[in-house]
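Undergrad: here is a sequence with its predicted model. Questions after.
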Amino acid sequence: MHISEGVLSPGALALGWAVAGAGTFAGLRRMKPEKAARTALLSSAFFLASLVNVRLGPGSTHLSLIAPVGLVLGWTAFPALLTALLLQALLFHFGGLLVLGPNTTDLAVPAVLVYLLFAGPIRRSSGRAAAALAFAAGALAVLLGALGVGLFLGLSDRNFLSAAKLLFAAHMPLALIEGTVTAFMAVWLKKTAPDFLA
């Protein structure tokens, strides 16, 4: 779901950087020293998962673990994802430095939204109910991320809308996979380390 350099208009870039900057500021204010290792762990997991690209329809896609990052880190997902995306841009030329703000926004906003919507209900639920909620969180996060990419592309040039629709359709199978992975992770964390969830 990386947006490449040279695609977005100045207005879209400014919007992406404004949201990413505000979210990162909020995340850093909420990051407690004792949770820095947790933030680094989830940032690394995202970094590694998104390196494995899979051809899917008209493009390629990859696991992102957006929902687990959000469910564990909450608002701290912003600095965690910004750091991972920065390293990907510098080391592997995924995305780029100018589009780092929009790319962070595309991933961190869904992460925070699933945290706000699902973290509490998942903590209070058990068994199949928790798994179903976590599955919904994982699937929704991916679809929101693809929608965010489409919105940035549409803001830049209406001619990109057809490509955005294809991108969104290509991420529907991934949403099911991410939902399943998130469900397994949430159930496992509830059994082994329930305090790990945000």
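TA: Thanks, I have it. Numbering: from 1, shown residues only.

Undergrad: tell me which helix or strand in the chain has the weakest average pLDDT.
TA: strand 53-56 (a mean of 55; mean pLDDT, DSSP states H and E).

Undergrad: state the helix or strand in which the nearest residue to residue 94 once chain neighbours are set aside lies.
TA: The spatially closest residue to residue 94, leaving aside those adjacent along the chain, is residue 88, at 4.1 Å (CB to CB, 6 or more residues apart in numbering). C-betas here are computed from N, CA, C, even on glycine. Element membership for residue 88 (DSSP states H and E) is helix 77-92.

Undergrad: can you dump the C-alpha coordinates of the helix or strand following that helix into PDB?
TA: Toward the C-terminus, helix 77-92 is succeeded by helix 100-114 as the next helix or strand (DSSP H and E). The C-alpha trace of helix 100-114 is given here as PDB (Å, rounded to 0.1, in the frame of the first residue of the first chain):
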ATOM      1  CA  LEU A 100       6.300   9.400   4.000                       C
ATOM      2  CA  GLY A 101       3.600  11.500   5.600                       C
ATOM      3  CA  PRO A 102       0.700  10.200   3.400                       C
ATOM      4  CA  ASN A 103       2.000   6.600   3.700                       C
ATOM      5  CA  THR A 104       2.100   6.900   7.500                       C
ATOM      6  CA  THR A 105      -1.400   8.400   7.500                       C
ATOM      7  CA  ASP A 106      -2.700   5.600   5.300                       C
ATOM      8  CA  LEU A 107      -1.600   3.000   7.800                       C
ATOM      9  CA  ALA A 108      -1.700   4.700  11.200                       C
ATOM     10  CA  VAL A 109      -5.200   6.200  11.000                       C
ATOM     11  CA  PRO A 110      -6.700   2.700  10.400                       C
ATOM     12  CA  ALA A 111      -4.600   1.400  13.300                       C
ATOM     13  CA  VAL A 112      -5.800   4.000  15.700                       C
ATOM     14  CA  LEU A 113      -9.400   3.600  14.500                       C
ATOM     15  CA  VAL A 114      -9.400  -0.100  15.100                       C
END
